[in-house]
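Novice: missing the sequence, but the structure's below:
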């Protein structure tokens, strides 16, 4: 059941009415409903893997309690932590490693192998909920949180349906307290959630799926196109993956907000970044902060002299690439991003890009325009590795981009789509100081005008809703 | 909460009214599916030869050319699953049925309508054949399964331009004359690639459907003729050997195992030349004439 389906709309309406119909004081009943709805939602994807989600949830819940009850300074706590981390990583490895690497897995696991494609069938969302579980047990070990005593509450944290298949990767310290408090219906908050849902749907159906048609065509036959078309294909993929994933995140956050729950922000207008560090702070924030907190910081505490920080940076980005799948293309993508970081690290210049670009202004300065374009260009280059089927395919694609045909008119020129991308980026630019583009956009307009704008979005979504594509990140 | 729901209702009301109105308008436009369903509702009792299948039967066989009462219930992208559902739907009505013709194309055993790019057609079976086969709500609605511009175009064409939306003949045939130009080499390659399955995951299910069809026919004393339709050389030479061999050996085995089953392979038949093809895997009107007469010969042999 995908967010961009009528099935999800109906499912959500039923959950919404039941959820708020219970009354805000019935916290446990609401949590139970959320858990039931989440497992139903997951079963619609693939009921066979529901057992894995339940098993992973139960396992991490018990490990968390064991770590907590272990004596201070004793080996028991460390043992349970290692056991928890090892088994979580093992689960990821089983489902993400290519089948040829898996000769040592137990016979039972072969049930999960597609006999025709010889690929392990990937349970939807496994990378996301496994990382939620990992952060939970590590935080308990570090005494940042105490383990939950309510299994239902913990299971909702792991399986909460808006975030289950493609994040954000929630933290227990942020999510669990919300499940313990009475949630009161707030009309303004609900309207805000609807707006974010609408904008996410627009980005997914109109921009991402619109780009997908051309990207698939160009990447599918790269040798047959001019360099200018290949550049256009790479640029369109940059917009596709952004609109696809941030659109998903907007829909997840909007759905959760309608239920009175705030999820972590996952995107903060990453294409309006002036350097790669700023981009990485704004892209897939729940994953980048996870690697920062649970990999980079611990590595930094044992930093080797001279090359230490650079080495740690490379390790983090290679792992980030591998998190997407055990494929050399993802490793190369992580390597390229790491290389960009190393340049920043070893050739430092004065940077002050913590705030939003051109804060409080309508237009950026020429220097900022140059920095935005340069960062976007670097990211687009890296995305070629991410999108290509093989490493050789990526190299061929990039090689073919360097030719005199770069100065020709692209054979494929989707002017309507380019216009829509431009308009959506204008709206994103105007809303870049908010949590999402429509948070304040049009709110000050008279109601007829505001509603006309929303109706326009709805009609455009319906206009483009024929070529539904799977969310890219639900495959991870 | 009341205010939120009131505003949501007010916002959604025009959209719902517009959507429902368009849904009603579109459903009232005659189409090939509703025509075939109405025909079978009325005349299933009289049909002696039933042609099922995908476009390879819909385009290639004109029942008006055979002596028996025939009807072509095939349609574009119709899978074996829906062929069998049509048989089942009129189970009590096949009192005169003697022959069922089902095309087993290169892709037939590896394909299911619900899983492919033509999945949007599932709604036609839900709406016009009243078959509840899908768990997805959009498969029960015209408005939710097609793009808005396509729906608007359909309404405009029928209600304002007065265009006839039917493409099928009285007996369900969808013949097409030879187009002005056709690149059979390129078309053959593209169609072969499109018809080559990424996996054989659907194979067992489709063979099970064929066996159900055979049992169904046996129980009703009906002969089943499976055939692989003719295709142009550029299509055949781009087929995957393993997929083709698996299909051919399966059909030969079914033919040998069941007394009420005949299988004939026309894939590389020399009866058809370039002039007979509409594209690399469909016949034109001339080719359909030839091919239907071949079907008639099979009926005569079976008599």
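Specialist: All right, it came through fine. Keep in mind it's a predicted model, so treat the numbers as computed, not measured. Residues are numbered from 1 along each chain as shown, chains lettered A, B, ... in the order given.
Novice: helices along the stretch 101-250 of chain B, start to end?
Specialist: Assigned by DSSP state H, counting those that start in this stretch, the helices in the stretch 101-250 of chain B fall at B:122-128, B:142-145, B:148-155, B:184-195, B:203-219, B:233-236, B:241-257.
Novice: what is the rounded mean pLDDT of stretch A:400-418?
Specialist: For stretch A:400-418, mean pLDDT rounds to 90.
Novice: show me the contacts for the closest residue in space to residue A:260 that isn't next to it in sequence.
Specialist: Leaving out its chain neighbours, the residue that sits closest to residue A:260 by Cβ to Cβ, 6 or more residues apart in numbering or on different chains is residue A:183, at 3.6 Å. Bear in mind the C-beta positions are built from the backbone N, C-alpha and C, glycine included. By Cβ atoms under 8 Å, 6 or more residues apart in numbering or on different chains, the residues touching residue A:183 are A:24, A:27, A:30, A:259-261.
Novice: show me what from chain A comes close to chain B.
Specialist: Within reach of chain B by Cβ under 8 Å from any Cβ of the partner chain, chain A has these residues: A:5-7, A:10, A:20, A:114, A:116-117, A:185, A:187, A:190-191, A:194, A:451, A:454-455, A:458-459, A:462-466.
Novice: quick one: which of these sit in helices?
Specialist: Among the residues of chain A next to chain B, the members found in helices (DSSP state H) are A:6-7, A:10, A:20, A:187, A:190-191, A:194, A:451, A:454-455, A:458-459, A:462-463.
Novice: what is the end-to-end distance of stretch A:62-78?
Specialist: 15 Å (Cα to Cα, to the nearest Å).
Novice: buried residues, it. List them.
Specialist: A:63-68, A:70, A:77 (16 or more other Cβ atoms under 10 Å in any protein chain shown).
Novice: just the residues you listed: which are in helices?
Specialist: Reading helices off these with DSSP H, I get A:63-68, A:77.
Novice: redo these as TSV? Include pLDDT.
Specialist: Formatted as TSV, these follow (pLDDT from 0 to 100):
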residue	pLDDT
A:63	95
A:64	95
A:65	94
A:66	93
A:67	93
A:68	91
A:77	90
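Novice: which of these sits closest to residue A:274?
Specialist: Distance to residue A:274 across these (Cβ to Cβ) is lowest for residue A:64, with 40.4 Å.
Novice: now for the nearest residue to the closest one once chain neighbours are set aside: which residues touch it?
Specialist: Among residues not flanking residue A:64 along the chain, residue A:147 sits closest, at 4.0 Å (Cβ to Cβ, 6+ apart). Residue A:147 makes contacts with A:61, A:64-65, A:67-68, A:140, as judged by Cβ under 8 Å, 6+ apart.
Novice: now do residue A:147 against chain B, distance only.
Specialist: Separation of residue A:147 from chain B (Cβ to the nearest Cβ, to the nearest Å) stands at 35 Å.
Novice: could you do residue A:166 as well?
Specialist: According to Cβ to the nearest Cβ, residue A:166 stands 20 Å off from chain B.
Novice: measure that residue to residue A:330 for me?
Specialist: 16 Å (Cβ to Cβ, to the nearest Å).
Novice: settle it for me: which of the two has more neighbours?
Specialist: Taking neighbours as other Cβ atoms under 10 Å in any protein chain shown, residue A:166 and residue A:330 compare with residue A:166 leading, 26 against 20.
Novice: hmm, residue A:248 and the more buried one touching each other?
Specialist: Yes. The pair residue A:166 and residue A:248 passes the contact test of Cβ atoms under 8 Å, sitting 5.1 Å apart.
Novice: out of the helices of the stretch 101-250 of chain B, flag the one nearest residue B:270.
Specialist: Of all the helices of the stretch 101-250 of chain B, helix B:233-236 comes closest under Cβ to Cβ, at 11.0 Å.
Novice: give me the buried positions along the closest one.
Specialist: Buried, per 16+ other Cβ under 10 Å, within helix B:233-236: B:234-236.
Novice: just the residues you listed that are near chain A?
Specialist: Contacts with chain A are made by none of the buried residues of helix B:233-236, judged by Cβ under 8 Å from any Cβ.
Novice: which of the residues of chain A next to chain B count as buried?
Specialist: Buried subset of the residues of chain A next to chain B (neighbour count, 16+ other Cβ under 10 Å): A:5-7, A:20, A:190-191, A:194, A:451, A:454, A:458, A:462-465.
Novice: would TSV of those residues with pLDDT be doable?
Specialist: Below are those laid out as TSV (pLDDT from 0 to 100):
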residue	pLDDT
A:5	88
A:6	88
A:7	90
A:20	93
A:190	95
A:191	94
A:194	96
A:451	95
A:454	96
A:458	94
A:462	89
A:463	88
A:464	85
A:465	82
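Novice: check the offset of stretch B:7-19 from the chain's centre.
Specialist: In terms of Cα atoms, centre = their mean, to the nearest Å, the centre of stretch B:7-19 is set 37 Å apart from its chain centre.
Novice: so what touches it?
Specialist: A:191, A:194, A:451, A:454-455, A:458, B:143.
Novice: flag every buried residue along the helix or strand containing residue A:399.
Specialist: Assessed by DSSP states H and E, residue A:399 sits inside helix A:391-401. For helix A:391-401, a neighbour-count test (16+ other Cβ under 10 Å) marks A:393-394, A:397-398, A:400-401 as buried.
Novice: with stretch B:35-48 instead?
Specialist: Judged by neighbour count using 16+ other Cβ under 10 Å, the buried positions of stretch B:35-48 are B:35-37, B:39-40, B:44, B:47-48.
Novice: secondary structure, distance to chain A and pLDDT added to the residues you listed, as a markdown table?
Specialist: Output for the buried residues of stretch B:35-48, formatted as a markdown table (DSSP: H, G, I helix; E, B strand; the rest coil; distance: Cβ to the nearest Cβ, whole Å; pLDDT from 0 to 100):
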| residue | secondary structure | distance to chain A | pLDDT |
| --- | --- | --- | --- |
| B:35 | helix | 24 | 96 |
| B:36 | helix | 24 | 96 |
| B:37 | helix | 24 | 96 |
| B:39 | helix | 29 | 96 |
| B:40 | helix | 29 | 96 |
| B:44 | helix | 33 | 95 |
| B:47 | coil | 35 | 96 |
| B:48 | coil | 40 | 95 |
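Novice: just list the residues touching residue A:308, thanks.
Specialist: Taking Cβ under 8 Å, 6+ apart, we find residue A:308 in contact with residue A:300.
Novice: give me the neighbour count for residue 250.
Specialist: Looking at chain A here, since you left the chain open. Neighbour tally, residue A:250, other Cβ under 10 Å: 28.
Novice: switch to chain B, that's the one I care about
Specialist: Neighbours of residue B:250 under the rule other Cβ under 10 Å: 18.
Novice: tell me the secondary structure for the residue nearest to residue A:260?
Specialist: Three-state call for residue A:183 (DSSP: H, G, I helix; E, B strand; the rest coil): coil.
Novice: ignoring the adjacent residues along the chain, who's closest to residue A:227?
Specialist: Residue A:227 sits nearest to residue A:406 (Cβ to Cβ, 6+ apart), 3.9 Å away.
Novice: the one you found and residue A:413: what is the separation?
Specialist: Residue A:406 sits 15 Å away from residue A:413, going by Cβ to Cβ.
Novice: which one of those two has more residues nearby?
Specialist: A count of neighbours by other Cβ under 10 Å puts residue A:406 above the other of residue A:406 and residue A:413, at 15 against 12.
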